[in-house]
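[1] I would like the atomic coordinates for the input below:
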Amino acid sequence: MSIAADDLPSGTGTNNFTTGWLSVNLNTEDDCDDGCFTQVGLMTMEDGLHWFAYTEDPDGIICFRGTPKWGSKGCIGAVGDLVALDTWHIVQIAGYPGYGHWVIRVYDINSSPHDVAQITNSSDQIYDATVSFEEGYTSLPNPYYLGKFHFYHPQYRSGNQFLDWPQTALPFYGLYETNHNVAWDNNHQNTICPSHYGANVNMAGDQRYWYGGINALVCDWWFFSPVVSASTLDDLATSSLNYHRVVTEILMPGSWLHTSNWPKTYANTISYTAIQNDKVALTFTGSRITRIYAMANNRTNAEVFIDGVSQGQQTDYASTTRWQVAKTWSMPTSGTHTIEVQKIGSSGFIDLDAFIVDIPYVNSGTYDGTHSNCKYIGSWTLSSPWPLAYNSTLNWSKNTEDAFTFTFYGNSIYYFYTKASNRGKAAVTIDGVNMPLIDLYSASTVWQAQTTYTNLGTGIHTIHISVSGQKNANSSDYYVDVDKLMVP
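    Next up, the predicted model:
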């Protein structure tokens, strides 16, 4: 990310300072103090502007440039070395998997990179990332030194490119997230903002440009996230999705596994976790959000939060696997919101296939199985003419786990199908709630047979019908079909 310092404090003495910095935790707190907290930034002192680097890693720091400081934990550049006031300086903390160390890098006034220090740490993950303003002083009362820092565009490396940090948006919901500005007093209470220090966000209308220091108006935690609007966002779109675990209110990357080559998932990918409290979050702009996920016999419960308020727990368990199950939450107003899905309990899995912002739906009416809102998963056959079927068309499959989904607005829905001697059992869920299997077997053909689901609650719902791979003992096959849907 980039940092700029505007001015110098005066009357501070030789050991007092204000700083603007980027930090990461390279391990968990169980592995080392403060999670091997490591930082790089700009420091303003009475004598001028310095770059600095610091770590809590027990192996300390190796200074390639500047002077060792704070025991074996830090390095500080000479006044004016590489840095100047009113100038953007990129700072980086770079890891090299397999090499056992991290490099701290500062870009000079000509935008040329310089490796200033090395942290000996074999971690290949970042467990927390923070951007902040800080004041340091040696004697009370708090002198409230001049501090004026600008921060811009934090990014992380993925493959051959830099991507924007995937973050959770305003407001703060009780989790330590990335990218904050806050003013604490000596008792760790936020009582000195905005009287002395704080933040101004969305500088120049840019949500990735903000200010920290004196004469700022905003207190507490602030997040700057890529916001998505109406779209379907696959689980691997990590520039917008934030996968993490909450442990004693510390942000961790979690243990989500991102996998591909699943032909019945959205975009052939799915992300899943078995670790309690692992969480995925998305900030979006819209009036409704839909979680797409799988239900299976190895799934457990997930708790969903919208804008920090629990929406209750979902049971992702089903005796038969059901791909691309959907559950939608509607907002009272269209705007910027955040959804979080968190794993509950120590057993089983939860997953994320996709999020859909402002999912399309239909209102009351009768809809043939060929309607554009009918979504088929797997290999279904569209067949016609069948004179006794609705619109003379039928859609069928006998492939276990093939599925069909239909999203509508209402309080009830009628599912019409054909009963016949080669039919199997259909597995049905509505909004992720398991319904009883439907046995489509009949010794003689029954056209436009129906099952009705009522008292769903007026709102947006998704019915999911899949081939269970089960059948009546008298049936010759496992076929399930869709003739039409009716929303009263």
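
[2] According to the record, where do the domains of this structure fall?
    As given by automatic domain parsing, the domain ranges for the chain are 2-214, 233-357, 365-487.

[3] In TSV, list those domains along with mean neighbour count.
    (Each C-beta comes from the backbone N, C-alpha and C, glycine too.) TSV is the format used below for the domains of the chain (neighbours: other CB atoms under 10 Å):
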stretch	mean neighbour count
domain 2-214	18
domain 233-357	19
domain 365-487	18
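
[4] With mean pLDDT added, can I get these in JSON lines?
    Output for the domains of the chain, formatted as JSON lines (pLDDT from 0 to 100):
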{"stretch": "domain 2-214", "mean pLDDT": "79"}
{"stretch": "domain 233-357", "mean pLDDT": "85"}
{"stretch": "domain 365-487", "mean pLDDT": "97"}
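
[5] For residue 288, which non-adjacent residue is spatially closest?
    residue 330 (4.5 Å; CB to CB, 6 or more residues apart in numbering).

[6] Spit out the contact partners of the one you found.
    287, 288, 459, 460 (CB atoms under 8 Å, 6 or more residues apart in numbering).

[7] would you say the first one is within a strand?
    Yes. Under the criterion used here (DSSP: H, G, I helix; E, B strand; the rest coil), residue 287 sits inside a strand.

[8] could you check the distance from it over to residue 458?
    The gap separating residue 287 from residue 458 is 16 Å, by CB to CB, to the nearest Å.

[9] do residue 380 as well
    For residue 380, the distance to residue 458 - CB to CB - is 30 Å.

[10] related to what we said a few turns ago, what would the contacts of residue 330 look like in TSV with distance to residue 296?
    What follows is the contacts of residue 330, written out as TSV (distance: CB to CB, whole Å):
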residue	distance to residue 296
287	30
288	26
459	26
460	24
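
[11] Mind picking the two most distant members of those?
    Within the contacts of residue 330, 287 and 459 form the most distant pair, 12.0 Å apart (CB to CB).

[12] name the element residue 75 belongs to?
    Taking DSSP states H and E as the criterion, residue 75 maps to strand 74-76.

[13] Which elements pack onto that strand?
    Where contact means 3 or more CB pairs under 8 Å, 6 or more residues apart in numbering; DSSP states H and E, strand 74-76 is packed against strand 48-55, strand 61-63, strand 67-69.

[14] Please identify the pairing partners of the helix or strand harbouring residue 134 and their relative orientation?
    Assigned by DSSP H and E, residue 134 falls within strand 128-136. Applying DSSP bridges, strand 128-136 is found paired with strand 17-25 (antiparallel).

[15] CA atoms only for the partner strand, dumped as PDB, please.
    Output of strand 17-25 as PDB, limited to C-alpha atoms (Å, rounded to 0.1, in the frame of the first residue of the first chain):
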ATOM      1  CA  PHE A  17       6.900  10.100  17.400                       C
ATOM      2  CA  THR A  18       3.900   9.700  15.200                       C
ATOM      3  CA  THR A  19       3.600   7.000  12.600                       C
ATOM      4  CA  GLY A  20       1.500   5.700   9.800                       C
ATOM      5  CA  TRP A  21       2.000   2.000   9.100                       C
ATOM      6  CA  LEU A  22       1.000  -1.300   7.500                       C
ATOM      7  CA  SER A  23       1.200  -4.400   9.600                       C
ATOM      8  CA  VAL A  24       0.600  -8.200   9.300                       C
ATOM      9  CA  ASN A  25       0.500 -11.100  11.700                       C
END
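
[16] And the following helix or strand past that strand, how far out from the chain middle?
    Following strand 17-25 in sequence order, the next helix or strand is strand 37-45 (DSSP H and E). Relative to its chain's centre, strand 37-45 lies at 28 Å (CA atoms, centre = their mean, to the nearest Å).

[17] So in that sheet, which strands flank strand 37-45, and in what orientation?
    Sheet partners by DSSP bridges: for strand 37-45, these are strand 17-25 (antiparallel), strand 48-55 (antiparallel).

[18] Quick one, which of those gets closest to residue 405.
    Evaluated with CB to CB, the strands paired with strand 37-45 place strand 17-25 nearest to residue 405, the distance being 40.9 Å.

[19] what's the span of stretch 258-269, first residue to last?
    End-to-end distance for stretch 258-269, by CA to CA, to the nearest Å: 7 Å.

[20] Also stretch 363-374?
    Per CA to CA, the first residue of stretch 363-374 is 13 Å away from its last.

[21] Mind listing residues that contact it?
    With contact meaning CB under 8 Å, 6+ apart, stretch 363-374 is reached by 360-362, 382, 390-391, 393-395, 404-410, 481-488.

[22] Quick one: distance of that stretch to the chain centre.
    Between the centre of stretch 363-374 and the centre of its chain there are 33 Å (CA atoms, centre = their mean).

[23] now swap in stretch 471-482 and tell me
    Mean C-alpha position of stretch 471-482 versus that of the full chain (CA atoms, centre = their mean) differs by 41 Å.

[24] Identify the residues contacting it?
    Contacts for stretch 471-482 (CB under 8 Å, 6+ apart): 369, 374, 394-398, 400, 402, 404, 415-418, 420-426, 439-441, 443, 465-470.

[25] repeat that for 7 Å
    Outside stretch 471-482, the residues within contact range by CB atoms under 7 Å, 6 or more residues apart in numbering are 369, 394-398, 404, 417-418, 421-426, 439-441, 465, 467, 469.

[26] Over to stretch 343-350?
    The contact list for stretch 343-350 (CB under 7 Å, 6+ apart) reads 272-278, 298-303, 313, 316.
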